[in-house]
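>>> take this sequence and fold it.
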Amino acid sequence: MNQNDGWLTMKAQSFAFLIATLLAWFAAWSSYAFADAFAYVSLDGENKIVVYAINDSDGTLNRKSETKLEGSAGPLCVSPDQKFLYASVRSAGKLAAFRILPNDGRLIHINTVSAGINPAYVATDRTGRHLLTAYYTEGKITSHEIDKNGQISTNATQELPTADKAHAIMTDRENRFAYVPHTGPNTIFQFGFDENSGQFNALKPPRVNTGENTGPRQFALHPKLDVVYFDYEQGSAIAVFKLDRNTGRLAFRERLSTLPKSYLKNNSNARIEITPDGRFLYVANRGHNSLAGFAADPKTGALKAINRTPTEAVPRGFNIDPTGKYLYAAGQASRKLAAFRINHENGALNRFATYEVGERPWWVLVVEIN
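Numbering: from 1, shown residues only. As a prediction, the model looks like this:
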């Protein structure tokens, strides 16, 4: 080999190494540095929200940052445009607003306002101009105005007493009605909602009673049908209600157990979620420590039980990503987050990863950045 041949070989090797390095860097950059989605997990035991970047190709998570709160971290929600995140600071009775940085998902604090004792659920209305909150201890709901910069108004637009243990609040997909399940009096309050003023008005009748030892806790709205699904905390069941589009009134249709008949130990339901296409629903069983799966009839919304998938201990919170491909479930008692792929054909959950997340994970929220 002459001197020129040796120089050419070294140059080729250097070039190959440079290409390999650039490809590895690009792969890491494209997967995580500018992720399309982020998972936010509130840690009740550490007073903070942890941020994970989601790799869309396989659903794996990469821990990116964390944000401290002024008290125990509880429920989370995101604005319709995915620019702002709102958090309930349950122990302090406050509501906090954050701006989401699109490049890495970090949270930038906007403001925090006093609200009421034990805010158990937060959600924006469909316009993103109002923050709606249900209060477990005080038995009330509030509406706060949100300005164009994501800031929560100091004073509530409306504060309305309801009943003991109000546990959730959301508006329907047309933003005309709002529903508030209560685990104490076994009832669901139903309201009209004015998206311009942010105010509620009671429907007639103002509530739907669900029966003894049911405890309606949270609910999922079908994305296409006039159907609402409530999970029963004490009843360990999922109930289907028809929504009258003209009046907003709910009418009971059917109820299915979330447990196998052979299970006789204590259990209480927590979160309920529906896939974006409306085909599958899941309910968290705390006690049985599973996610109960159901298939929804595409025409009527009627349910059929399909599976019960083991998950982490005390699965208080979980969330389905906006693409409907992944489900992430927190184990309140295990400090871990279980990651599942959703089988598009039959709704089966296939666990592919488990992450150590922190003390008492409470809520999981996946945000897709536009």
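
>>> where does this protein have low pLDDT?
1-35 (pLDDT under 70).

>>> what about the longest strand in it?
For the chain, the strand with the greatest residue count under DSSP state E is strand 199-209.

>>> residue 88: what's it in contact with?
For residue 88, the contact set (C-beta atoms under 8 Å, 6 or more residues apart in numbering) comprises 73-76, 94-95, 119-122, 133. From N, CA and C alone the C-beta is placed, and that goes for glycine too.

>>> likewise residue 231?
Contacts of residue 231 (C-beta under 8 Å, 6+ apart): 216-219, 237-239, 258, 269-272, 283.

>>> at 6 Å instead, please
217-218, 238, 269, 272, 283 (C-beta atoms under 6 Å, 6 or more residues apart in numbering).

>>> one step back: partners of the longest strand of the chain in the sheet?
strand 187-194 (antiparallel) (DSSP bridges).

>>> helix or strand for the closest residue to residue 136 other than its chain neighbours, which one?
Once flanking residues are discounted, residue 136 sits nearest to residue 120: 3.8 Å by C-beta to C-beta, 6 or more residues apart in numbering. Assessed by DSSP states H and E, residue 120 sits inside strand 119-124.

>>> which strands and helices lie in contact with that strand?
Helices and strands touching strand 119-124, by 3 or more C-beta pairs under 6 Å, 6 or more residues apart in numbering; DSSP states H and E, are strand 73-78, strand 84-89, strand 130-135.

>>> tell me which of the contacts of residue 231 is nearest to residue 66?
residue 218 (25.7 Å; C-beta to C-beta).

>>> doesn't the closest one lie inside a strand?
Yes: per DSSP: H, G, I helix; E, B strand; the rest coil, residue 218 lies within a strand segment.

>>> in the stretch 151-300 of the chain, which spans are strands?
Listed in chain order, the strands of the stretch 151-300 of the chain (DSSP state E, counting those that start in this stretch) span 158-161, 170-171, 177-182, 187-194, 199-209, 216-221, 227-232, 237-243, 250-257, 268-274, 280-286, 290-296.

>>> who touches the third one?
Around strand 177-182, the neighbours that count as contacts under C-beta under 6 Å, 6+ apart are 134, 141, 162-163, 165-169, 171, 188-191, 193, 216-217, 230, 248.

>>> centre of the chain to it, how far?
Offset of strand 177-182 from its chain centre (C-alpha atoms, centre = their mean, to the nearest Å): 17 Å.

>>> who wins for proximity to residue 103 among the strands of the stretch 151-300 of the chain?
That would be strand 268-274 among those, by C-beta to C-beta, at 27.6 Å.

>>> which elements pack onto that closest one?
So strand 268-274, by 3+ C-beta pairs under 6 Å, 6+ apart, packs with strand 216-221, strand 280-286.

>>> pull the residues that contact the longest one.
By that I understand strand 280-286. With C-beta under 6 Å, 6+ apart, strand 280-286 has contacts from 229, 231, 238, 258, 267-274, 291-295, 314-315, 318, 347.

>>> how about the shortest one?
Strand 216-221 is touched from outside by 167-168, 181, 183, 188, 210, 228-233, 272, 274, with contacts defined as C-beta under 6 Å, 6+ apart.

>>> farthest pair in the residues you listed?
Farthest apart among those by C-beta to C-beta are 183 and 274. That separation is 20.2 Å.

>>> buried residues, the one helix or strand residue 339 maps to. List them.
Per DSSP H and E, residue 339 falls inside strand 336-342. Across strand 336-342, burial judged by 16 or more other C-beta atoms under 10 Å covers 336-342.

>>> parallel or antiparallel, which strands does that strand pair with?
Sheet pairing for strand 336-342, using DSSP bridges, gives strand 326-331 (antiparallel), strand 349-356 (antiparallel).

>>> contacts for the last one next, please.
Spelled out, that is strand 349-356. So strand 349-356 is contacted by 61, 309, 336-341 (C-beta under 6 Å, 6+ apart).

>>> minimum distance to residue 38: which of the strands of the stretch 151-300 of the chain has it?
Closest among these, once you apply C-beta to C-beta, is strand 268-274, at 17.5 Å.

>>> deepest of the helices and strands packed on strand 119-124, which one?
strand 130-135 (a mean of 27; mean count of other C-beta atoms under 10 Å).

>>> count the residues that sit near the residue lying closest to residue 326 once chain neighbours are set aside.
Nearest residue to residue 326 in three dimensions, chain neighbours excluded: residue 59, at 4.2 Å (C-beta to C-beta, 6+ apart). Each residue near residue 59 was counted by other C-beta atoms under 10 Å, and the total is 21.

>>> element containing residue 59?
Per DSSP H and E: nothing holds residue 59, as it lies in no helix or strand.

>>> with the one 5 residues further on instead?
Element membership of residue 64 [criterion: DSSP H and E] is strand 61-68.

>>> mind listing what's buried in that strand?
61-62, 64, 67.

>>> so can I have a markdown table of the residues you listed showing distance to residue 156?
Converted to a markdown table, the buried residues of strand 61-68 look like this (distance: C-beta to C-beta, whole Å):
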| residue | distance to residue 156 |
| --- | --- |
| 61 | 36 |
| 62 | 38 |
| 64 | 33 |
| 67 | 24 |
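
>>> of the contacts of residue 231, which is the nearest to residue 46?
residue 218 (23.6 Å).
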